[in-house]
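**Q** Quick one, what's the 3D model for this:
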Amino acid sequence: MDHGWGAQDISAPRRVTLPEVPVERDMVLEDVQSGFVGAVVRVEKSGGLHVMVLEDRRGRHRTFRLGHGFLLDGAPVQLVAPRPVTTAARTRTASGSVRVEGARARTARASRIWVEGQHDAELVEKVWGDDLRLEGIVVEPLHGVDDLEGAIRAFGPGPTRRLGILVDHLLPGTKESRIAQQAMTVPGARDHVLIVGHPYVDVWQAVKPAVLGRTAWPVVPRGQDWKTGILAGLGWPHQDQAAVAQGWKRILGGVGSYADLEPSLLGRVEEVIDFLTVPPGTA
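**A** So this is what the prediction gives:
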């Protein structure tokens, strides 16, 4: 019996082409195979292949190869490597320094800048990244300063291994100030370690609220988680770690240069960079 079917009606199913999406830091993704959901914390090359590291809301990390098998906002996508950033040439860096055209990044020094968390590191990188690469200085997140003394001792500071440490909420009489004082008793710290801090509970507050179109940051009630409280006060999603990551991405995206940061942070970061780049005894 002739049903009127043409050859095209019995062909193989049409192959679906997924949208290609360049992976970005803080992008929240779900791995379809394992169900793992997390925010992108870094993208790197391993064995010639691009891989990404996801962090879930419990702080667990897993590494995945870019490609198919991921959901973004519930929709399947094909993840590809970040696109190179092409911007018009600028005469100054985001930190306000004169741009050195054609300069190559210096091989990393043994000295380091330590900051409390990933968000601190991302903010410093966005504003001072060009300067730090030129000087060969690496910024590393500590993920807390409760054992700062032990971390400095393990690092082993010396004339060619100096540390500049930026601490949140470093005010007289606080827990952070007592931790900093104790950490400076480590051998070599007095001459080769500089601990500075800003007055804010979290580095988010070092971004001027005008960046978000506000005159002040929301006040978070005592006992409430600070970041989720801030997001709630802004009227933004705040229910989980993915929402916190997206909130920070939105805040960081509004920072274009040093002019968007509070002077109390600017001065401290510049102080640390000077400490690490000026040879001991010549300042």
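**Q** Pretty sure residue 275 sits against residue 164.
**A** Yes - at 5.2 Å, residue 275 and residue 164 qualify as touching, with contact defined as Cβ atoms under 8 Å. For glycine as for every other residue, the C-beta is placed from the backbone atoms N, C-alpha and C.
**Q** which residues do the two both contact?
**A** Residues within reach of residue 275 and of residue 164 at once, by Cβ atoms under 8 Å, 6 or more residues apart in numbering, are residue 194.
**Q** So these two - more neighbours on which side?
**A** residue 164 (24 against 19; other Cβ atoms under 10 Å).
**Q** what bridges to the more buried one?
**A** residue 113, residue 194 (DSSP bridges).
**Q** Cross-check the contact I'm expecting between it and residue 277.
**A** No - assessed by Cβ under 8 Å, residue 164 is found out of contact with residue 277, at 9.7 Å.
**Q** What are the buried residues along the helix or strand bottoming out on mean pLDDT in the chain?
**A** Among the helices and strands of the chain, strand 37-46 carries the lowest confidence by mean pLDDT, DSSP states H and E, at a mean of 83. In terms of neighbour count (16 or more other Cβ atoms under 10 Å), strand 37-46 has its buried residues at 37, 38, 39, 40, 41, 43.
**Q** what residue ranges in the stretch 151-283 of the chain score low on pLDDT?
**A** 279-283 (pLDDT under 70).
**Q** where do the helices sit along the stretch 1-150 of the chain?
**A** Assigned helices in the stretch 1-150 of the chain, in chain order: 118-135, 148-155 (criterion: DSSP state H, counting those that start in this stretch).
**Q** how far is the first one from where the chain is centred?
**A** Think helix 118-135. 9 Å (Cα atoms, centre = their mean, to the nearest Å).
**Q** what's the angle from that helix to strand 37-46?
**A** 20 degrees (axes from the mean of the first three to the mean of the last three Cα atoms, to 10 degrees).
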